[in-house]
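**Student:** Sequence and predicted structure, then a few things I'm wondering about:
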Amino acid sequence: MPRNGYLFVPHNDKQRTGHMAEEDTELPSSFWNSVIKRYHAPKTRSSLWQIANSFLPFFIVWYLMLLSLDVSYLLTLVLSLPAAGLMARIFIIQHDCGHGSFFTSQKANDFTGMFASVLTLTPYHYWRKSHAIHHAGAGKLEKRGIGDIYTMTVEEFMTLSPWRKFTYRLYRNPLVLFLFVPTFLFAILYRFPISKLNAMRKVEASVYLTNIAIAAVALGVMYLVGWRSFLAVQIPITVVTSTLGMWLFYVQHQFEDTYWTTDEEWDFSRAALQGSSFYRLPKVLQWFTGNIGFHHVHHLSPKIPNYLLERCHKEVPEMKDVTVLTLKTSFRSLPLTLWDEKARKLISFGQLKRRTRQPIAA
């Protein structure tokens with residue numbers, strides 16, 4: 001909860017297209033405690049059913065991809081799409097376990113999360129800690145880059161040397177950010193405890209334990225099907241899933257009227273409701289992505305299981321006045337690369353270039 005014990009919520013139910021209006025009000029945390037609390041309780045049957053309809057289909061599709069190698073590799077690549085979608089769904093289960101929201105038992109959460117981490121290539125305990133830091137600091141300019149896509153301010157960018165400007169522009173190039181970086185992150189960087197934060201030291205060992213488990217499973221499967229067949233199936237799944245995961249992380253916080261401010265001015269509920277989008281996806285994509293499109297609800301209360309996020313969004317009127325993105329409109333976020341602290345919005349390199357070319361008024 002924020003320091004002052006208040007959470008920000010808008011009082012109208014129109015879809016938000018910009019910053020919250022001046023007449024928006026603050027409600028005490030007791031309001032949210034009474035309203036949100038009823039969505040916190042995980043339903044064991046729902047959680048077990050989600051495990052069944054995520055893990056089992058993934059293993060089936062993985063096996064079908066293996067069989068398809070004798071038919072056509074094009075068919076293998078086509079099958080990698082639903083396999084990647086199921087992998088994303090498994091990642092959401094791991095994500096919920098990390099928040100302690102998937103089961104009432106923390107032991108059950110940890111066991112399920114660690115099992116999923118072998119498939120997602122994401123060390124459970126290490127990522128859980130990093131992700132908790134992201135939730136605690138989302139929207140704080142001082143905390144950028146922890147669990148999200150690093151974004152510079154206009155002022156920071158303008159003070160860089162030409163070489164560092166080039167490297168940042170290269171990093172924010174969509175081809176690099178969504179094709180190269182995701183696979184490198186999940187397949188390579190996640191194999192090492194690269195964070196320098198003291199808070200992460202206690203969970204560094206979990207990274208290497210996860211690596212051992214991944215290696216054991218991979219070697220076992222390679223022994224059964226051959227290393228070439230294993231890589232032919234696993235590589236496209238990893239590439240597609242990583243790209244999908246990066247895109248979801250990106251679009252849920254990177255949109256024009258998002259929320260960033262200094263630590264002194266930061267407000268928990270404003271960060272959740274203004275700094276997280278409602279990514280309204282077609283039902284099939286909503287299913288594969290485990291309802292994570294209701295990201296504003298998730299950031300306001302990470303204790304809500306993913307299968308209750310939509311219900312909370314629909315039943316609580318105060319949840320609806322947020323930025324709504326669709327598949328079509330979400331692509332408008334691609335060129336937005338710099339945070340303009342004066343205008344309090346994300347802008348593109350092109351907008352900055354046009355601005356610097358404008359003559360200064362007398």
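**Tutor:** Thanks, I have the structure now.
**Student:** Would you indicate which residues of stretch 165-181 are buried?
**Tutor:** Residues of stretch 165-181 classed as buried by neighbour count (16 or more other CB atoms under 10 Å): 168, 172, 177, 178, 181. Using the backbone N, CA and C atoms, a C-beta is placed for each residue, glycine as well.
**Student:** ok, of the residues you listed, which one's closest to residue 348?
**Tutor:** Closest approach to residue 348 among these (CB to CB): residue 172, at 9.7 Å.
**Student:** Quick check: the closest one touching residue 337?
**Tutor:** Yes: Residue 172 is within contact range of residue 337, at 4.5 Å (criterion: CB atoms under 8 Å).
**Student:** what about the helices in the stretch 251-362 of the chain?
**Tutor:** Listed in chain order, the helices of the stretch 251-362 of the chain (DSSP state H, counting those that start in this stretch) span residues 268-275, 283-288, 295-300, 309-315, 327-330, 349-357.
**Student:** Take those and lay them out in JSON lines including mean pLDDT, distance to residue 206 and mean neighbour count.
**Tutor:** Below are these laid out as JSON lines (pLDDT from 0 to 100; distance: least, CB to CB, whole Å; neighbours: other CB atoms under 10 Å):
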{"stretch": "helix 268-275", "mean pLDDT": "86", "distance to residue 206": "28", "mean neighbour count": "24"}
{"stretch": "helix 283-288", "mean pLDDT": "97", "distance to residue 206": "27", "mean neighbour count": "14"}
{"stretch": "helix 295-300", "mean pLDDT": "92", "distance to residue 206": "23", "mean neighbour count": "25"}
{"stretch": "helix 309-315", "mean pLDDT": "92", "distance to residue 206": "27", "mean neighbour count": "16"}
{"stretch": "helix 327-330", "mean pLDDT": "94", "distance to residue 206": "33", "mean neighbour count": "14"}
{"stretch": "helix 349-357", "mean pLDDT": "86", "distance to residue 206": "38", "mean neighbour count": "12"}
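**Student:** who wins for proximity to residue 223 among these?
**Tutor:** The minimum distance between residue 223 and these falls on helix 283-288, with 30.7 Å, by CB to CB.
**Student:** nearest spatial neighbour of residue 61, skipping sequence neighbours?
**Tutor:** residue 83 (4.5 Å; CB to CB, 6 or more residues apart in numbering).
**Student:** Remind me which helix or strand that neighbour belongs to.
**Tutor:** helix 73-99 (DSSP states H and E).
**Student:** Show me how far whichever helix or strand comes after that helix is from its chain's centre.
**Tutor:** Using DSSP H and E, the helix or strand that follows helix 73-99 in sequence is helix 106-120. How far helix 106-120 lies from its chain's middle: 18 Å, per CA atoms, centre = their mean, to the nearest Å.
**Student:** list the buried ones in helix 106-120?
**Tutor:** Neighbour-count burial for helix 106-120 flags 108, 109, 110, 112, 113, 114, 115, 116, 117, 118, 119, 120 (criterion: 16+ other CB under 10 Å).
**Student:** And stretch 76-89, by the same measure?
**Tutor:** Quick answer for stretch 76-89 (16+ other CB under 10 Å): 76, 79, 80, 82, 83, 84, 85, 86, 87, 88, 89.
**Student:** what's in contact with that stretch?
**Tutor:** Residues outside stretch 76-89 that contact it (CB atoms under 8 Å, 6 or more residues apart in numbering) are 50, 54, 57-58, 61-62, 64-65, 68-69, 119-120, 232-233, 236-237, 240-241, 244-245, 248, 285, 287-290.
**Student:** change it to 6 Å
**Tutor:** By CB atoms under 6 Å, 6 or more residues apart in numbering, the surrounding residues in contact with stretch 76-89 are 54, 57-58, 61, 64-65, 68-69, 236-237, 240-241, 244, 288-290.
**Student:** ditto for stretch 204-221
**Tutor:** Contacts to stretch 204-221, defined as CB under 6 Å, 6+ apart, come from residues 117, 118, 123, 125, 126, 191, 193, 230.
**Student:** can you pull the buried residues of that stretch?
**Tutor:** Using 16+ other CB under 10 Å as the test for burial, stretch 204-221 gives 204, 206, 207, 210, 211, 214, 221.
**Student:** for that stretch, the distance to its chain's centre please.
**Tutor:** Mean-position distance between stretch 204-221 and its chain equals 23 Å (CA atoms, centre = their mean).
**Student:** again, but for stretch 330-340
**Tutor:** 16 Å.
**Student:** Could you check how many residues crowd around the closest residue to residue 302 other than its chain neighbours?
**Tutor:** Among residues not flanking residue 302 along the chain, residue 99 sits closest, at 4.4 Å (CB to CB, 6+ apart). Using other CB atoms under 10 Å, residue 99 has 20 neighbouring residues.
**Student:** And the residue nearest the centre of the chain?
**Tutor:** A centroid search over the chain (CA atoms, centre = their mean) returns residue 249, at 3.2 Å, as the residue closest to the centre.
**Student:** which residues are in contact with the one helix or strand it maps to?
**Tutor:** Per DSSP H and E: residue 249 is located in helix 227-251. Counting contacts by CB under 6 Å, 6+ apart, the residues outside helix 227-251 that touch it are 65-66, 69, 77, 80, 83-84, 87-88, 149, 178, 182-183, 186, 221-222, 330, 333.
**Student:** List the buried residues of it.
**Tutor:** By 16+ other CB under 10 Å, the buried positions in helix 227-251 come out as 229-230, 232-234, 236-251.
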